[in-house]
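**Q** Just the structure for this:
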Amino acid sequence: MATSGVVGLTGCAGDKYHESTGENIDDRAITGRVRHALSEDSEYKFPDVKVTTFKGTAQLSGFVDTRGQKSRASELAKTADGVKDVVNNITVK
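**A** As a prediction, the model looks like this:
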């Protein structure tokens with residue numbers, strides 16, 4: 001019986017490729033903060049940019065019109081609370 005309890009407890013642990021339950025919750029919150037930062041930008045709003053987060057690294061993808069918009073999206077994402085790193089895969093149209 002003790003063995004099944006140990007297995008149940010370790011089933012929620014994360015590793016290099018999988019998030020723990022806590023990391024998943026944190027990453028969803030970070031994604032929301034990055035999306036909010038992008039949508040609140042007074043100049044661009046970034047409607048065609050998608051945000052995903054894994055272990056604190058925010059990944060940006062989608063489309064913008066200029067290189068300046070792409071750079072601005074990275075800057076905004078970096079300022080969001082909890083973001084450890086930003087991977088900017090945004091494509092300039």
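**Q** would you say residue 87 is within a helix?
**A** No - using DSSP: H, G, I helix; E, B strand; the rest coil, the assignment for residue 87 is strand, not a helix.
**Q** Within the helices and strands, which one has the closest residue to it other than its chain neighbours?
**A** Sequence neighbours aside, residue 59 is the residue nearest to residue 87 in space, at 4.5 Å (criterion: CB to CB, 6 or more residues apart in numbering). Where C-beta positions appear, they are placed from N, C-alpha and C, glycine not excepted. Assessed by DSSP states H and E, residue 59 sits inside strand 57-64.
**Q** Please identify the next secondary structure element, helix or strand, after that strand.
**A** Taking DSSP H and E, what comes next after strand 57-64 is helix 67-79.
**Q** sorry, back to before: buried set for the strand holding residue 59?
**A** 58-60, 64 (16 or more other CB atoms under 10 Å).
**Q** Check stretch 30-49 too.
**A** 30-31, 33-35, 37-38, 44, 46, 49.
**Q** pLDDT and distance to residue 86 for those - can I get that in TSV?
**A** Below are these laid out as TSV (pLDDT from 0 to 100; distance: CB to CB, whole Å):
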residue	pLDDT	distance to residue 86
30	97	11
31	98	12
33	97	13
34	98	8
35	97	13
37	96	11
38	96	12
44	88	16
46	93	13
49	96	12
